[in-house]
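1. coords please:
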Amino acid sequence: MALLLLMGKNNYYLNHANHNKEVCEYIDKKAGYNDWVITTAFYSAIYYCDYKIFPLVLNNTATQKEETYNTIDEYYRVYKKTNINKSKHFCRSRLVYIYLNKISSDFDKLWDLSQNARYMNYKIDKELSTGAIRDLEKIKKQCI
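-> Have a look, this model is predicted:
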């Protein structure tokens, strides 16, 4: 977290997103690693969305005060108190749906593809990884 604060939050998210995208594009040039193309596309999308969404300022209806969440971790600490069985990925997906609705389906598609590539079947068709890169481009365009 200290590194995050030293670099400036938004720059950190954007730099991390761009780094992951570069890795994604590099891996895409190699045959046989479509699962990693999808995985790096998803993790790049995460950081582009975090860059766009945070800091998130919300009005606390109980206290009538604004609360600022600078990171997904800060927001998730509060979110999980009332959403006990929901993951941080699910939490972020909800934020994308609310604040970046135009790309919400692209984000969720990348999440689903990544889950499949990482935990179910790493043998992914090139067509799916090409689609993942296309979805990532839409997300990037919407977020920066």
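2. for Lys80, what are its contacts?
-> Remark: with contacts taken as C-beta atoms under 8 Å, 6 or more residues apart in numbering, Lys80 is in contact with 86, 91. C-beta coordinates here come from the backbone N, C-alpha and C atoms, glycine included.
3. can you tell me the SS state at it?
-> At Lys80, secondary structure determined by DSSP: H, G, I helix; E, B strand; the rest coil is helix.
4. look up the pLDDT of Tyr43 for me, please.
-> The predicted structure scores Tyr43 at 98 on the pLDDT scale.
5. quick one, what contacts the closest residue to it other than its chain neighbours?
-> Nearest in space to Tyr43, with sequence neighbours left out and distances taken as C-beta to C-beta, 6 or more residues apart in numbering, is Asn20 at 5.0 Å. Neighbour list for Asn20: 40, 43-44, 47 [criterion: C-beta under 8 Å, 6+ apart].
6. again, but for Leu56
-> Contacts for Leu56 (C-beta under 8 Å, 6+ apart) come out as 68-69, 75, 95, 99.
7. what segments of this structure are strands?
-> In chain order, the chain shows strands spanning 56-60, 65-69, with DSSP state E as the criterion.
8. go through the last one and flag the buried ones.
-> By neighbour count with 16 or more other C-beta atoms under 10 Å, strand 65-69 contains the buried residues Tyr69.
9. what residues are up against Ile133?
-> 24-25, 28, 37, 41.
10. turn those into JSON lines, including neighbour count and distance to Thr63.
-> Listed next are those as JSON lines, based on neighbours: other C-beta atoms under 10 Å; distance: C-beta to C-beta, whole Å:
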{"residue": "Cys24", "neighbour count": "23", "distance to Thr63": "42"}
{"residue": "Glu25", "neighbour count": "15", "distance to Thr63": "46"}
{"residue": "Asp28", "neighbour count": "20", "distance to Thr63": "48"}
{"residue": "Val37", "neighbour count": "27", "distance to Thr63": "45"}
{"residue": "Ala41", "neighbour count": "30", "distance to Thr63": "39"}
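11. for the residues you listed, which one is nearest Lys138?
-> Ala41 (11.1 Å; C-beta to C-beta).
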